[in-house]
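1. Fold the following.
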Amino acid sequence: MSSSNYDAVVIGGGHNGLVAAAYLARAGLEVVVLERRHVLGGAAVTEEVFPGFRFSVASYVVSLLRPEIVRELALPKHGLEILPLDGTFTPLDGDYLWRVNDHGRTVRELRRWSLSDAEAYDEYSRLMVEMARFVKPILSMTPPDPGRVDPREWLPVARLARDFNDLSREQRAAFIQIMTMSAAEFLGQWFETDPLKATMSASGIIGTFQGIRSPGTAYVLLHHYMGEIDGVLRAWGIPRGGTGGVSEAITNAARSFGAEIRTEAPVEQLMMRGDEVAGVVTSSGEEVTARVTLSSLDARQTFVRLVEPGVLDRSFLEDVERYRYRGSSGKVNLALDGLPEFTCLPGTGDHLRGAISFSPSIDYMEQAYDDAKDGRYSRRPYIDMIIPTQVDPSMAPPGKHVMSCFVQYAPYRLADGDEWDDARRDAFGETVIDTIEERAPNIRELILHAQVLTPKDIEDRFGLSEGNIFQGELSLEQLFFNRPVPGWARYRTPLRNLWMCGSATHPGGGIMGASGRLAAAQVVRSLRAGKAA
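-> Numbers count the residues shown, from 1 in each chain. Sure, this is the predicted structure:
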């Protein structure tokens, strides 16, 4: 049995694990990353699924990636380039709603639907920018432990409370509404146009098993509003080369600092010495010892799969088991022979260069959720579609295209004990294509290849429990110092020398990197203080 020794071993080469490794190596530690798949990036990965066609197989857009990570790791120098997406196009029966990055054009478009909505859009946009600026510091904040009275831990929260007091009365009221209301109800205070409310509400359900009328989804909407590209708030883009381009740039940065990164190196279990984690054992039997071990896996994968029974306290494991995943999303990736044409706006113009949202009404969105509550994939799902080759032609052969369809809802657990199998996967994919065909009748004749991922496929391929793309729902009770387990939100765990650094920790999911950066900072601080645990 071979063995090797490092200062730190990182389990999982997803983008958060890579970020943590980069910062640890930058601090002078000898670091190794162990990734079970043949390719790095976790869910932020680009793969050539069909010859000549490269897909962002799972995660497909970038906005939340923290600018301090881009700056501190010099990611553009290591190959990162973000290509902006322009707006959101919502196809309807005989009409459409098209919001673009040009604010003036969007307001003019809204005037076609409602003069009051066009006026409200300015005020709403200003308010949400202010809310995003108020909340954004939380993304760079290590949560305090509510069971400890350590003033140093609570100072950032105190500053946030002071900032809250500095908000206007209207802003404070809006913040409370965002934290308690549904996305649909919150937007209903501002707008009357049904397709507009439905499309904007969609950001409130991403990665959650909730509907747009479910309380708390207004916060998820705000979470996605906090993104930026090159300092532009609420901007979304596609990395050149797919989302794997983000992971590749972080990998290059980590290696430039001296980190060792291995693929096809699955971790089978943690090495225990009493209550202390001494490293990991890989599937090949290699023992990789380290002063500290960081897991970028979710809580279930870390504490249930990698830890032998009887090691962890039962009450802690009960908290881990209560943590909700409830995967609700599927993905359909299509290789196309040309571009789809929508009956509501024929031709292949600029409306195909941004997101295409199948969200025609509030009732449509809620019906999709009702199907999922009954244990069925939505008969007419919400689809967030993009065509990456419109901004990055290198993803497909000349004249061909790739299409990415993020789909809700596809529940991990089906009704009556049914399991996701090949037949149900195929039926789910057909339902998605049927839904697209209603608005773009030529879609079927364009399809050369199709890849369909159910929540079970996402779990099996990427190691995300129940197929939850955020390593656990972004519901209010699973945020900040409750993520992933109350009392253990500062990236430490009950096992000495074991830390968490993935999206299961604060501040949560999306291609953000904040969890990896914050965890690495805590580890470095602990090691420099002489306390590895």
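2. What about Thr208, how many residues nearby?
-> 23 (other CB atoms under 10 Å). Every C-beta, even on glycine, is put in place using the N, C-alpha and C of the backbone.
3. can you check Ser56 too?
-> 30.
4. again with Leu479
-> As a burial measure, Leu479 scores 22 neighbours (other CB under 10 Å).
5. just the strands in the stretch 301-450 of the chain please.
-> Across the stretch 301-450 of the chain, reading from the start of the chain, the strands by DSSP state E, counting those that start in this stretch fall at 329-336, 355-358, 382-386, 401-408, 447-453.
6. ok, the first one: who's next to it in the sheet?
-> Here strand 329-336 has these sheet partners by DSSP bridges: strand 401-408 (antiparallel), strand 447-453 (antiparallel).
7. Work out for me the element Ala22 sits within.
-> Element membership of Ala22, judged by DSSP states H and E, is helix 15-26.
8. Also Val288?
-> Since the elements are taken from DSSP H and E, Val288 ends up inside strand 287-295.
9. for the stretch 1-150 of the chain, which spans come out with low pLDDT?
-> In the predicted model of the stretch 1-150 of the chain, residues 1-3, 149 satisfy pLDDT under 70.
10. run the last query once more with 90
-> When residues are selected by pLDDT under 90, those of the stretch 1-150 of the chain lie in 1-4, 63-64, 84-86, 101-103, 125, 128-129, 132-133, 135-150.
11. Could you give me the buried positions within stretch 44-55?
-> Within stretch 44-55, the residues that qualify as buried by neighbour count (16 or more other CB atoms under 10 Å) are Ala44, Val45, Thr46, Glu47, Phe50, Phe53, Arg54, Phe55.
12. Dump those into a markdown table; add secondary structure and distance to Arg461 as well.
-> Converted to a markdown table, the buried residues of stretch 44-55 look like this (DSSP: H, G, I helix; E, B strand; the rest coil; distance: CB to CB, whole Å):
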| residue | secondary structure | distance to Arg461 |
| --- | --- | --- |
| Ala44 | coil | 13 |
| Val45 | coil | 10 |
| Thr46 | strand | 14 |
| Glu47 | strand | 10 |
| Phe50 | strand | 16 |
| Phe53 | strand | 18 |
| Arg54 | strand | 16 |
| Phe55 | strand | 13 |
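13. tell me the two of the residues you listed that are most distant?
-> Distance extremes for the buried residues of stretch 44-55: the farthest pair is Ala44 and Phe50 at 20.1 Å, using CB to CB.
14. ok so, going back, what angle separates the helix holding Ala22 from strand 287-295?
-> Here helix 15-26 runs at 110 degrees with respect to strand 287-295, directions being taken by axes from the mean of the first three to the mean of the last three CA atoms, to 10 degrees.
15. So which residues make contact with helix 15-26?
-> Counting contacts by CB atoms under 8 Å, 6 or more residues apart in numbering, the residues outside helix 15-26 that touch it are 7-8, 10-11, 31, 33, 35, 40-42, 44, 69, 72-73, 246-247, 250-251, 253-254, 257-259, 261, 294, 296, 501-503, 511, 513, 515-517, 519-521, 523-524.
16. One more: stretch 370-380?
-> Contacts made with stretch 370-380 from outside it, assessed by CB under 8 Å, 6+ apart, are listed as 209, 211, 328, 330, 364, 367-369, 407-411, 413-416, 418, 428, 431, 435.
17. Buried among the residues you listed? Need that as a selection in ChimeraX.
-> The buried subset of the contacts of stretch 370-380, as determined by 16+ other CB under 10 Å, is captured in ChimeraX by this line:
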select :209,211,328,330,364,368,369,407,408,409,410,411,413,414,428,431,435
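18. Verify the stated contact: Gly258 with Ala8.
-> No - using CB atoms under 8 Å, Gly258 is not in contact with Ala8; the gap is 11.7 Å.
19. Common neighbours of those two, please.
-> Taking CB under 8 Å, 6+ apart as the criterion, Gly258 and Ala8 both touch Glu30, Val31.
20. neighbour count winner among the two?
-> When neighbours are counted by other CB under 10 Å, Gly258 and Ala8 differ, and Ala8 comes out ahead with 28 against 15.
21. Strands along the stretch 101-250 of the chain, start to end?
-> Per DSSP E, counting those that start in this stretch, the stretch 101-250 of the chain has strands spanning 228-229, 232-233, 237-239. These are given in chain order.
22. Could you give the average pLDDT over the first one?
-> Mean pLDDT, strand 228-229: 56.
23. cool, the last one as well?
-> The average of the pLDDT scores along strand 237-239 is 91.
24. list the helices and strands it packs on?
-> Helices and strands touching strand 237-239, by 3 or more CB pairs under 8 Å, 6 or more residues apart in numbering; DSSP states H and E, are strand 82-84.
25. re the thing from before, highest mean neighbour count out of the strands paired with strand 329-336?
-> strand 401-408 (a mean of 25; mean count of other CB atoms under 10 Å).
26. on that earlier part again, any chance of the strands of the stretch 301-450 of the chain in JSON lines, with distance to Asp122 too?
-> Formatted as JSON lines, the strands of the stretch 301-450 of the chain follow (distance: least, CB to CB, whole Å):
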{"stretch": "strand 329-336", "distance to Asp122": "32"}
{"stretch": "strand 355-358", "distance to Asp122": "21"}
{"stretch": "strand 382-386", "distance to Asp122": "25"}
{"stretch": "strand 401-408", "distance to Asp122": "29"}
{"stretch": "strand 447-453", "distance to Asp122": "39"}
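27. Minimum distance to Tyr124: which of those has it?
-> strand 355-358 (17.7 Å).
28. so Ser214 makes contact with Glu185?
-> No - in terms of CB under 8 Å, Ser214 does not count as a neighbour of Glu185; the distance is 9.8 Å.
29. Of those two, which one has the most company?
-> Set Ser214 next to Glu185 and count neighbours by other CB under 10 Å: Ser214 wins out with 21 against 18.
30. Need the phi and psi values for that one.
-> Dihedral pair for Ser214: phi -80, psi 130, per degrees, to the nearest 10.
31. ok, the residue nearest to it when sequence neighbours are not counted to Ile362 distance?
-> Using CB to CB, 6 or more residues apart in numbering and skipping the chain neighbours, the partner closest in space to Ser214 is Ser182 (5.5 Å). Plainly put, Ser182 is 10 Å away from Ile362 if you go by CB to CB, to the nearest Å.
32. Right, I'll call it a day here.
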